[in-house]
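Chemist: just coords:
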């Protein structure tokens, strides 16, 4: 009896996982569609300038992540507070 419940639960977990992957992929479709129209402009390039320079010099993922964290630290006290967004823009 326990083995049949275990098999049912495993099957349900697989179905749930497949459903979640489909929902995730469907959620990406509008973003992929809009990505053809939305481009970085003006000050958006400034966030990634330092990380780009570090990447070109070192080709080190760790050093690039450190540079992105440094960019966040530079904007920490002077910007409206969406620091994770600054980190992503720096990358």
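Modeler: Sure, I can see it. Just so you know, these numbers come straight off a predicted model, no measurement behind them.
Chemist: make it CA atoms for all contacts and neighbour counts henceforth
Modeler: Noted.
Chemist: Return, as residue ranges, the portions of this structure with sub-threshold pLDDT.
Modeler: 1-6, 8-10, 79-81 (pLDDT under 70).
Chemist: Please parse it into its domains.
Modeler: 1-39, 44-90 (automatic domain parsing).
Chemist: Comparing those domains, which comes out most buried?
Modeler: domain 44-90 (a mean of 16; mean count of other CA atoms under 10 Å).
Chemist: got the end-to-end distance for that one?
Modeler: 9 Å (CA to CA, to the nearest Å).
Chemist: Over to stretch 34-45?
Modeler: OK, stretch 34-45 end separation, CA to CA: 19 Å.
Chemist: from now on call the first residue 29
Modeler: Got it, first residue is 29 now, which makes that one stretch 62-73.
Chemist: Would you mind pulling the contact partners of that stretch?
Modeler: residue 117 (CA atoms under 8 Å, 6 or more residues apart in numbering).
Chemist: State the next helix or strand along the chain beyond the top helix by length along the chain.
Modeler: Assignment by DSSP state H gives helix 30-62 as the longest helix of the chain. As assigned by DSSP states H and E, the chain's next helix or strand after helix 30-62 is helix 72-86.
Chemist: ok, now which ones touch residue 99?
Modeler: Residue 99 touches 75, 78, 114, 115, 118, counting by CA under 8 Å, 6+ apart.
Chemist: repeat that for 7 Å
Modeler: 75, 118 (CA atoms under 7 Å, 6 or more residues apart in numbering).
Chemist: residue closest to the middle of this structure?
Modeler: The centre of the chain sits closest to residue 116, judged by CA atoms, centre = their mean, with a distance of 6.7 Å.
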